[in-house]
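> This is a predicted model, with the sequence first.
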Amino acid sequence: MAASSFHEGGAHFLLVDGSVHFISDSKDFPTYQQSAHPQDGLPAGGAIQ
């Protein structure tokens, strides 16, 4: 399931540290999915375990 937004080109995400980031629609889906697993120890774009 992808996020959706009325913002053109992406969506704003509120992170657990209280920061808000704009994530572009051009981010590939596996990297987007991996961002939900911050404790995996992999850099952004690494393989999902």
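Done, it's in.

> low-confidence ranges in this protein?
1-4, 43-49 (pLDDT under 70).

> try 50
Of all residues in the chain, none has pLDDT under 50.

> That one: helices as residue ranges?
29-34 (DSSP state H).

> Do me a favour and get the end-to-end distance for stretch 25-40?
End-to-end distance of stretch 25-40 (Cα to Cα, to the nearest Å): 23 Å.

> which of the residues in that stretch are buried?
residue 34 (16 or more other Cβ atoms under 10 Å). Using the backbone N, CA and C atoms, a C-beta is placed for each residue, glycine as well.

> chain center to that stretch, what's the gap?
Here stretch 25-40 shows a centroid-to-chain-centroid distance of 5 Å under the convention Cα atoms, centre = their mean, to the nearest Å.

> And stretch 12-31, by the same measure?
On Cα atoms, centre = their mean, the centre of stretch 12-31 falls 4 Å from that of its chain.

> Go ahead and flag the most central residue of this structure.
residue 32 (4.0 Å; Cα atoms, centre = their mean).
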